[in-house]
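Q: test case, fold it:
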Amino acid sequence: FIIIPPKSQTEIINEGKKLSHCVGGYAERHALGKCDILFLRKKEDPGTPFFTIEVRGDNIIQYRGYKNNLLTPVPDEVTEFVNRYKVFLKRRK
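A: Now for the predicted structure:
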């Protein structure tokens with residue numbers, strides 16, 4: 001997996017539309033620096049939305065996939081990657 005920061009509010013809105021979840025509503029908060037929105041992508045397919053991560057400070061608040069993962073559970077490898085990313089965020093400080 002890779003982490004990609006959005007380049008614009010429009011990218012965040014489009015992410016929400018493609019994954020059928022509410023991240024588009026976070027675009028303004030992201031632009032104002034109240035939270036960070038990051039895109040989690042498969043390394044071999046970085047252009048296709050997969051999961052979205054909300055970060056505040058050094059804490060991951062949530063990560064969601066298609067329809068907030070109501071149809072399918074979060075894959076174990078995604079949870080493992082996010083947990084490693086949490087450690088990374090804590091170590092940055």
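Q: and the contacts of the lengthiest helix in the chain?
A: Criterion DSSP state H: the longest helix present in the chain is helix 76-92. Helix 76-92 is contacted by residues 1, 3, 40, 51, 53, 55, 58-60, 63, 65 when judged by C-beta atoms under 8 Å, 6 or more residues apart in numbering. For every residue, glycine as well, the C-beta is placed using N, CA and C.
Q: out of those, who's the most crowded?
A: Phe51 (24 neighbours; other C-beta atoms under 10 Å).
Q: quick one: residues contacting it.
A: Contacts of Phe51 by C-beta under 8 Å, 6+ apart are 19, 39-40, 63-65, 74, 78.
Q: nearest residue to it other than its sequence neighbours?
A: Leu40 (3.9 Å; C-beta to C-beta, 6 or more residues apart in numbering).
Q: ok, that neighbour touching Phe50?
A: Yes: contact status for Leu40 versus Phe50: in contact at 5.7 Å, counting by C-beta atoms under 8 Å.
Q: residues shared between the contacts of those two?
A: With C-beta under 8 Å, 6+ apart as the test, Leu40 and Phe50 both reach Phe1.
Q: for the residue nearest to Phe51, give its distance to Leu32.
A: 22 Å (C-beta to C-beta, to the nearest Å).
Q: lovely, talk soon.
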